[in-house]
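>>> Quick one: sequence plus predicted model below, questions after.
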Amino acid sequence: EDQVTQSPEALRLQEGESSSLNCSYTVSGLRGLFWYRQDPGKGPEFLFTLYSAGEEKEKERLKATLTKKESFLHITAPKPEDSATYLCAVQFNQAGTALIFGKGTTLSVSS
Amino acid sequence: DAGVIQSPRHEVTEMGQEVTLRCKPISGHNSLFWYRQTMMRGLELLIYFNNNVPIDDSGMPEDRFSAKMPNASFSTLKIQPSEPRDSAVYFCASRGTGKRSPEAFFGQGTRLTVV
């Protein structure tokens, strides 16, 4: 059973067309939820960490939010350079444990 | 800092051969992770170390896989013998000690092809 589920698997947007990516998790004792961006042929690049329900973080056109069982990555007025795979990961229970990743959402933004 | 450095970037080997992947973590980081990424399964944790000690190797697929961290600046992941189903991108990541900095930083990965 997957502990971290991301949806949709793929998303195609027109430039300027805002949307949201979802990450839901089943683990208990969440210590942190993480969003990463991955470009083809590269390693995941860290974007945000969220620690508690109600928390929000922003970076340029991206805003991440967290509830008790899911997180959203909102993309406002996306540009083609936002095209990438967005990965969600959770850390649970104890400090020092590893991140468990979802399978990602591949975003394509066309001009 | 140069970030997490992995070598080689690409490896093509024949089935049955030994493969060694290498990783240099970010200086000062005390946790190191090995992940494997495939289209079907996404990013899977193989093993991680805290302060050079293996903490959880439950993700290692089978005895053909082994990992070592002889010091704080170097780790290896070895596959012996390799099989075609081991073909994937292998990532190394490291993390610092701060409680408020739990994010991991990834290398560029090693793309392994076993033919």
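Happy to help now that I have it.
>>> any low-confidence regions in the chain?
Chain wasn't specified; assuming chain A. A:1-2, A:94-96 (pLDDT under 70).
>>> My question was about chain B, not that one.
Low-confidence segments of chain B (pLDDT under 70): B:1, B:98-101.
>>> Contact partners for the most centrally placed residue in it?
Closest to where the C-alpha atoms of chain B average out (Cα atoms, centre = their mean) is residue B:34, at 3.0 Å. Residue B:34 sits next to B:23, B:45, B:46, B:47, B:48, B:67, B:75, B:77, B:90, B:91, B:92 when contact means Cβ atoms under 8 Å, 6 or more residues apart in numbering or on different chains. All C-beta atoms are positioned from the backbone trio N, CA, C, and that covers glycine.
>>> Tabulate those residues in JSON lines, adding columns for distance to chain A and neighbour count.
Shown next, in JSON lines, are the contacts of residue B:34 (distance: Cβ to the nearest Cβ, whole Å; neighbours: other Cβ atoms under 10 Å in any protein chain shown):
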{"residue": "B:23", "distance to chain A": "11", "neighbour count": "25"}
{"residue": "B:45", "distance to chain A": "5", "neighbour count": "21"}
{"residue": "B:46", "distance to chain A": "10", "neighbour count": "21"}
{"residue": "B:47", "distance to chain A": "9", "neighbour count": "23"}
{"residue": "B:48", "distance to chain A": "5", "neighbour count": "26"}
{"residue": "B:67", "distance to chain A": "13", "neighbour count": "20"}
{"residue": "B:75", "distance to chain A": "14", "neighbour count": "24"}
{"residue": "B:77", "distance to chain A": "15", "neighbour count": "23"}
{"residue": "B:90", "distance to chain A": "11", "neighbour count": "22"}
{"residue": "B:91", "distance to chain A": "6", "neighbour count": "25"}
{"residue": "B:92", "distance to chain A": "9", "neighbour count": "30"}
